[in-house]
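Chemist: Got a predicted structure here, sequence first:
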Amino acid sequence: MITYYKLFDVLKRRQMTVEQLRIDIQASSSTMTKLRKNQNVAIDVIDRICDRLDCQPGDLMEFEKSLKS
C-alpha cells in the first residue's frame, strides 16, 4: 500500500497548510481527502505536488507492505 504520511511531514516542516497546497496545485477537496486516507490519486496530482514543493515522489509517499497473504 502506498502511504502519503511523508507528504504531510513535508508540509509541516515547511509550515504550509493542506489547504494552501490544495489551492496552489488546483486540486479538489476530495483529492486532498484521498491523500489523507492513503487512497489512489492520479499521477498528475503527484506531479503538481512535486512541482510546487520542488521535490521527488519518494519525498511524498512510501510503500508499506500489506499484511494480507
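Modeler: That came through fine.

Chemist: Give me the nearest residue to Lys34, chain neighbours excluded.
Modeler: Leaving aside its chain neighbours, Lys34 sits nearest to Val41 (5.1 Å; criterion: C-beta to C-beta, 6 or more residues apart in numbering). Heads up, the C-betas are built off the backbone N, CA and C, glycines and all.

Chemist: what secondary structure does that neighbour sit in?
Modeler: coil (DSSP: H, G, I helix; E, B strand; the rest coil).

Chemist: List the buried residues of the helix or strand hosting Ile23.
Modeler: Here Ile23 is covered by helix 18-25, with elements defined by DSSP states H and E. Residues of helix 18-25 classed as buried: Val18, Leu21, Ile25 (neighbour count, 16 or more other C-beta atoms under 10 Å).

Chemist: and the nearest residue to the second one once chain neighbours are set aside, what does it touch?
Modeler: Going back to what we said before, that points to Leu21. Excluding its sequence neighbours, the residue lying closest to Leu21 (C-beta to C-beta, 6+ apart) is Leu11, at 6.3 Å. By C-beta atoms under 8 Å, 6 or more residues apart in numbering, the contact list for Leu11 reads Thr17, Val18, Leu21.

Chemist: Look at the closest residue to the first one other than its chain neighbours and report its pLDDT.
Modeler: Counting by C-beta to C-beta, 6+ apart, Leu11 is the residue found nearest to Thr17 once chain neighbours are left out, at 7.1 Å. Note on Leu11: pLDDT of 98.

Chemist: Surely Leu11 is within a strand?
Modeler: No - going by three-state DSSP, the assignment for Leu11 is helix, not a strand.
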